[in-house]
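Student: okay, predicted coordinates and the sequence, questions at the end:
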Amino acid sequence: MYFAPHARPAAQPERINLNDKATTQAWTLALGVSLEQLCWAIAAVGDTAVNVAAHLQHTPPQRPSFG
């Protein structure tokens, strides 16, 4: 299965699943990082896409808004 570089997984688009090769490839392309960088970021802040992206950009992660 191929995902375009801008594609995001449909099941849980807010989470990054390292167990799915196609999803992982899509996220590394979308975020412009290597697989190793993606793994380290997920280890540091969890698998929530917004937190991983913020960590990779060296900015504080955003908290979800429930209001």
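Tutor: Looks like it arrived, so ask away.
Student: state the distance from Val33 to Trp40.
Tutor: Val33 is 9 Å from Trp40, where distance means C-beta to C-beta, to the nearest Å. The C-beta positions use only the backbone N, C-alpha and C, and glycine is treated the same way.
Student: swap in Asp20?
Tutor: Applying C-beta to C-beta, the value for Asp20 to Trp40 is 19 Å.
Student: where do the strands sit along this protein?
Tutor: Remark: no strands are assigned in the chain by DSSP state E.
Student: what bits of it have low per-residue confidence?
Tutor: Low-confidence segments of the chain, defined by pLDDT under 70, are located at 1-12, 59-67.
Student: try 80 this time
Tutor: Residues of the chain meeting the criterion pLDDT under 80: 1-13, 59-67.
Student: show me where it has helices.
Tutor: 21-31, 35-45, 49-56 (DSSP state H).
Student: who wins for proximity to Glu14 among the ones you listed?
Tutor: Of all the helices of the chain, helix 49-56 sits nearest to Glu14, with 5.4 Å by C-beta to C-beta.
Student: tell me the angle that closest one makes with helix 35-45.
Tutor: If you take axes from the mean of the first three to the mean of the last three C-alpha atoms, to 10 degrees, helix 49-56 sits at 110 degrees to helix 35-45.
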